[in-house]
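# Got a sequence here, can you model it:
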Amino acid sequence: MKFILNWHGYETSQLIPQSQTPPKPQLDLRRQFNRWWHRMLESLTTSSDPHVWVTTHADGRTHWHAYLPTTGESVERLSEIELLVWLEERHHRYDRATN
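Residues are numbered from 1 along each chain as shown. Now for the predicted structure:
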């Protein structure tokens, strides 16, 4: 014959003192809400558009930088023309891959 005991039954049968009972899991609603909120914000703010920025040095030189979140590719310190060519090449490569 097989007996099925819950924790209270086991505790009673084994004479385990009350102070040794396992703590009941507590729901931390604030932490769960924060996780959910951050995941939602991340999904709304993540864009597949290229991220492009420029840096200007003290002597007036400018360098362009870009990052493509869809592929993880990035470039640094390009001229404006080089950046435009790089973006166009990736755009056409993506177009051919999807068609």
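
# what's the model's confidence in the longest helix that the chain contains, averaged?
In the chain, with assignment by DSSP state H, the single longest helix is helix 80-98. What helix 80-98 shows for mean pLDDT is 88.

# Quick one: list the elements packing against it.
strand 62-67, strand 74-78 (3 or more Cβ pairs under 8 Å, 6 or more residues apart in numbering; DSSP states H and E). To be clear about C-beta, it is placed using only N, CA and C from the backbone, and glycine gets the same treatment.

# Can you list the neighbours in contact with that helix?
The contact list for helix 80-98, computed with Cβ atoms under 8 Å, 6 or more residues apart in numbering, reads 50, 52, 62, 64, 66, 68, 70, 71, 73, 75, 78.

# ok, so what distance separates the first one from residue 92?
Translated: residue 50. 14 Å (Cβ to Cβ, to the nearest Å).

# Tell me which residues touch residue 49, please.
Counting by Cβ under 8 Å, 6+ apart, residue 49 has contacts residue 69.

# Could you look up the SS state of it?
coil (DSSP: H, G, I helix; E, B strand; the rest coil).

# Next, give phi and psi for it.
Main-chain dihedrals, residue 49, degrees, to the nearest 10: phi -70, psi 150.

# Please identify the deepest-packed of the helices and strands packed on helix 80-98.
strand 62-67 (a mean of 16; mean count of other Cβ atoms under 10 Å).

# Low-confidence ranges, the chain, go.
The model of the chain has pLDDT under 70 over residues 1-27, 42-46, 99.
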